[in-house]
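J.: Got a sequence here, can you build the structure:
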Amino acid sequence: MDPMSVGQAPTLSDLLQQVGQGDERAFARLYDEAAARLHGLVCRVVVDRTLAEEVTQEVFLEIWRGSPGFDAGRGSALSWMFTIAHRKAVDRVRAVDASRRRDTAYTAEQNAPSYDSTAEQVDDRMRADRVRAAIGTLTGRQREAVELAYFEGLSHTEVADRLGIPLGTAKSRIRDGLLRLRDALGGES
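T.: Numbers count the residues shown, from 1 in each chain. Model (predicted):
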């Protein structure tokens, strides 16, 4: 017999079982009976009132969806709902905290002081000047072979073809040019 039809107030367990069968009226009564207590628990965990309201809505949605799986033999209806509420509240606190950490890390990364590019530009310019001066020490044939190989990216075979010389000669010019460059640059790589 349905406890609601006899005039007895149904227990939370009764209401929850009826909700599990899709009874919307029972869900409304369950909400009226348990909302304040569940919201209070969520507020204690979440602290932020607006977030607590959202989480409480999620809790009742979970209760609606999960009610068919409620087993009164395993515990009280209120304990079951408190477990859902607590889990949802803790999940939200963790999500908010993780989001805050990501935002803080992103902000720190975006606001990191940039290095002084002027010093790097001066250093690059000085190195380029040294390399140009070192290339000036090469013979015309060495310079031509080195420039084709390293500035145009040609293979040794392509350098030999472009210059119309044997492959061994192209390799020798490139090797000799690199050795002279190394000596001119003071052994720097």
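
J.: Centroid-nearest residue for this structure?
T.: Arg102 (8.2 Å; C-alpha atoms, centre = their mean).

J.: so that residue is in which element?
T.: Take DSSP states H and E as the rule and Arg102 turns out to sit in helix 77-110.

J.: buried stuff in that helix?
T.: For helix 77-110, a neighbour-count test (16 or more other C-beta atoms under 10 Å) marks 77-78, 80-82, 84-86, 88-89, 92-93 as buried. Backbone N, C-alpha and C define where each C-beta goes, glycine included.

J.: by contact count, what packs against the next helix or strand after it?
T.: Moving toward the C-terminus from helix 77-110, the next helix or strand (DSSP H and E) is helix 117-135. The contact analysis (3 or more C-beta pairs under 8 Å, 6 or more residues apart in numbering; DSSP states H and E) places helix 117-135 against helix 167-184.

J.: Now do the helix it packs on, average pLDDT.
T.: For helix 167-184, the mean per-residue pLDDT is 90.

J.: For Ala112, give me the pLDDT.
T.: pLDDT at Ala112 comes out at 67.

J.: Kindly state the domain boundaries assigned to the protein.
T.: Listed by automatic domain parsing, the domain ranges of the chain are 3-110, 117-184.
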